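> The following block contains a protein sequence and its predicted model.
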Amino acid sequence: MNRVVIVDDETPNLKLYGAVVRRVLGYDALMYDDPLVALRELGDLRPPLVMVDYRMPEMNGIAFVEALRAIPGHEFTPVIMMTVDPDLTLPRRAIAAGATAYLERPVSLKLLSEELRRYAQPAMRASTIGEVVMPTDERDTIQRLHRALAAHSRTLAKHSVLARDVAVLIGQAMHVGAHDMEALRIGALVYDIGMLSVPEKVRLTPDALPARWRSVVNAHVDAGAAILAGGSRPLMRAAETMARHHHERFDGTGYPDGLGGTDIPLLARIVAVADTYVALVSDRPHRVEFTRANAVGQICGLRGTAFDPDVIDAFESVKEKLAALASPA
């Protein structure tokens, strides 16, 4: 029988998660209160899912995930990390380390059940072609695309990570659903991947862009959507939507489709604010960056014109948390 591996130094958590796994998936649970022992034994195990706590005395959850990914055969094992730690950088760091999902405790039984069903399904793990293990998880595909973006331009990759982090804060403040939060945490990493189509000399010009170059830059939304197009799963479709529509404006004067109001997909409305904030606080070739306070003021001044008022309300509510995010430089 399939056995989900659960790693947590607190016995009550092990018993609780084990009971939920048995109830929701019908699987047994193999439980460890020592992450080092779990790692030693995982070399011989192929569980459908690993659940791990972040705060443990021997090794924290991020170090555990990094060590797990280094074990042959566990490159794509789904890992759900859970914690009560208030550190706002943890979701980004957990995903960067290789976690498949990140949940803040206390987590509702409904959400935990959804996540277990989503990540423990065999089709979400890997398929074998000959002797080559091919990842089928769209999360892995998106993370690989982000690494390709980073290989081309570390500046673009850092911009996307910070914008993703801002978007996640906004999404949390708006209490968006679990699927939308997953799209923001993972899919938003590649919302700006279309910038790969913009020549470096255009992106790095020290002056304001002339009209002939502006059209080249604007076309990056079409390029990004084309790169991400064709996905059959919800997360990839959400990433494509964010890539295409994050420059629409609430008043309908944006591009590429001139959508307005709630015709603009919610995730794109959220990413539009996050993208603008990061652009303003970043040192661009043709201008000096804004302070965080000035950037927030500029963005909030565009409530109802460029940006959705509801998204702006959420953005304002998390403005004190922005300083804790990584620098875009």
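Yep, it's here. Residues are numbered from 1 along each chain as shown.

> need the contact list for the residue nearest to Gly304 when sequence neighbours are not counted.
Nearest residue to Gly304 in three dimensions, chain neighbours excluded: Phe250, at 6.3 Å (CB to CB, 6 or more residues apart in numbering). The way it works is simple: take the backbone N, C-alpha and C, and place the C-beta from them, glycine included. By CB atoms under 8 Å, 6 or more residues apart in numbering, Phe250 lies in contact with Gly260, Gly261, Ile264, Arg269, Gly304, Thr305, Ala306, Phe307, Asp308, Pro309.

> swap in Pro91?
By CB under 8 Å, 6+ apart, the contact list for Pro91 reads Tyr102, Asp165, Val168, Arg185.

> Quick check: Leu111 touching Ala178?
Yes. Counting by CB atoms under 8 Å, Leu111 touches Ala178, with 5.4 Å between them.

> tell me the SS of Leu30?
With DSSP: H, G, I helix; E, B strand; the rest coil as the basis, Leu30 sits in strand.

> State the distance from it to Val79.
14 Å (CB to CB, to the nearest Å).

> okay, Leu111 and Ala178: which has more neighbours?
More crowded of Leu111 and Ala178, by other CB atoms under 10 Å: Ala178, with 17 against 14.

> where's that one relative to Asp140, distance?
Applying CB to CB to Ala178 and Asp140 gives a distance of 19 Å.

> Repeat that for Ala148.
For Ala148, the distance to Asp140 - CB to CB - is 13 Å.

> Of these two, which one has the most company?
Set Ala148 next to Asp140 and count neighbours by other CB under 10 Å: Asp140 wins out with 18 against 14.

> Buried residues of the helix or strand where the more buried one lies, list them for me.
Following DSSP states H and E, one finds Asp140 within helix 138-152. Across helix 138-152, burial judged by 16 or more other CB atoms under 10 Å covers Glu138, Arg139, Asp140, Thr141, Ile142, Gln143, Leu145, His146, Leu149.

> which residues sit against it?
76, 95, 100, 135, 156-157, 160, 186-187, 189-190, 192-193, 195-196, 227-228, 231, 233, 235-236, 239.

> what's the answer for stretch 154-166, then?
By CB under 8 Å, 6+ apart, stretch 154-166 touches 88-89, 91-92, 146, 149-150, 184-185, 188-193, 195-196, 271, 273-275, 277-279, 282, 322, 325-329.
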